[in-house]
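**Q** structural data only, the sequence is not supplied:
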Ligand SMILES: O=P(O)(O)OC[C@@H](O)[C@@H](O)c1c[nH]c2ccccc12
């Protein structure tokens, strides 16, 4: 199963990170950094359209291979920012998504939009690393974490000033996350990370379990205005879109065509 393979790769990366990580030094550096931008606020109360947009900077994926050969992360992020994107997600996984921590840092320096570090977090040190490279929020994937880890990592991210997007794909994961009673921003991934099968109905099925007060982001396999209308009608407050934008020569136009004009909500 692919997810197991990704996690195995992360375990060896984390072993490497552990060898050079110093908690006290990381804390000292973070204390010198500017505050995070409000990721959750940007995609919920301050969003620019009736549906919020997290636009993703993604060169390749394990399911689709190379998506955008002519890949310029900073330019893409600037285009996203000028098209009125609420937040930007940057893949930092190298092995499977051809991403990089350096991309996130370069994007951080170029745009004033809240950034999500999109990676497979399995160790607390990756959360410190996320903050240090310039992330405003981290993704925690319920499919690869125990409830106790979700809880611990959630608290660490918050203590470092970051917001958290907790990702689920099925009812069991959703129940684990809701029982924890911490997450205020939940991503429903329409892609099954184990099989790569996608189905937008995942959002509609799982959103019924979510109590009021928790904002839902519909993630993956969104490419048409009808898809936006569908997940909005289901109750999603925002969407996370990567591949569709990455395949368009004119990314700015693609954002406008998919999302419509900025209305300031
Ligand atoms: O490229 P898409 O189908 O628009 O999907 C974006 C995003 O949802 C997807 O990249 C994603 C969602 N959850 C993840 C977890 C890890 C890596 C990637 C992802």
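**A** Right, received. Where do you want to start? Here the structure is a predicted model, which means the values were calculated and not measured.

**Q** state the distance from residue 137 to residue 234.
**A** 23 Å (C-beta to C-beta, to the nearest Å). In this view, the C-beta of every residue, glycine as well, is placed from N, C-alpha and C.

**Q** neighbour count winner among these two?
**A** residue 137 (26 against 19; other C-beta atoms under 10 Å).

**Q** name whatever forms a beta bridge with that one.
**A** For residue 137, the beta-bridge partners are residue 116, residue 163 (DSSP bridges).

**Q** which stretches in the protein count as helices?
**A** Ranges of helices within the chain are 2-20, 23-31, 39-43, 73-82, 101-110, 124-133, 147-159, 171-180, 201-207, 225-234, 243-246, 251-259, based on DSSP state H.

**Q** with distance to the ligand added, can I get those in a markdown table?
**A** Below are the helices of the chain laid out as a markdown table (distance: least, C-beta to the nearest ligand atom, whole Å):
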| stretch | distance to the ligand |
| --- | --- |
| helix 2-20 | 8 |
| helix 23-31 | 24 |
| helix 39-43 | 14 |
| helix 73-82 | 13 |
| helix 101-110 | 14 |
| helix 124-133 | 13 |
| helix 147-159 | 15 |
| helix 171-180 | 12 |
| helix 201-207 | 11 |
| helix 225-234 | 10 |
| helix 243-246 | 3 |
| helix 251-259 | 11 |
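
**Q** out of these, which gets nearest to residue 213?
**A** helix 171-180 (11.5 Å; C-beta to C-beta).

**Q** now find how far off-centre the closest one is within its chain.
**A** Remark: helix 171-180 is offset 19 Å from the chain centroid, using C-alpha atoms, centre = their mean, to the nearest Å.

**Q** also stretch 160-167?
**A** Stretch 160-167 has its C-alpha centroid displaced from the chain centroid by 9 Å (C-alpha atoms, centre = their mean).

**Q** ditto for stretch 151-158
**A** Here the centre of stretch 151-158 is set off from its chain's centre by 16 Å, with C-alpha atoms, centre = their mean.

**Q** ok, now stretch 246-265?
**A** Worked out by C-alpha atoms, centre = their mean, stretch 246-265 lies 19 Å from the chain centre.

**Q** so what touches that stretch?
**A** Contacts of stretch 246-265 from elsewhere in the structure, counted by C-beta atoms under 8 Å, 6 or more residues apart in numbering, are 46-51, 53, 55-56, 58-59, 67-68, 76, 79-80, 82-85, 222-225, 228, 241, 244-245.

**Q** returning to that earlier point: could the helices of the chain go into a markdown table alongside mean pLDDT?
**A** Converted to a markdown table, the helices of the chain look like this (pLDDT from 0 to 100):
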| stretch | mean pLDDT |
| --- | --- |
| helix 2-20 | 96 |
| helix 23-31 | 98 |
| helix 39-43 | 98 |
| helix 73-82 | 98 |
| helix 101-110 | 98 |
| helix 124-133 | 98 |
| helix 147-159 | 98 |
| helix 171-180 | 98 |
| helix 201-207 | 98 |
| helix 225-234 | 98 |
| helix 243-246 | 98 |
| helix 251-259 | 98 |
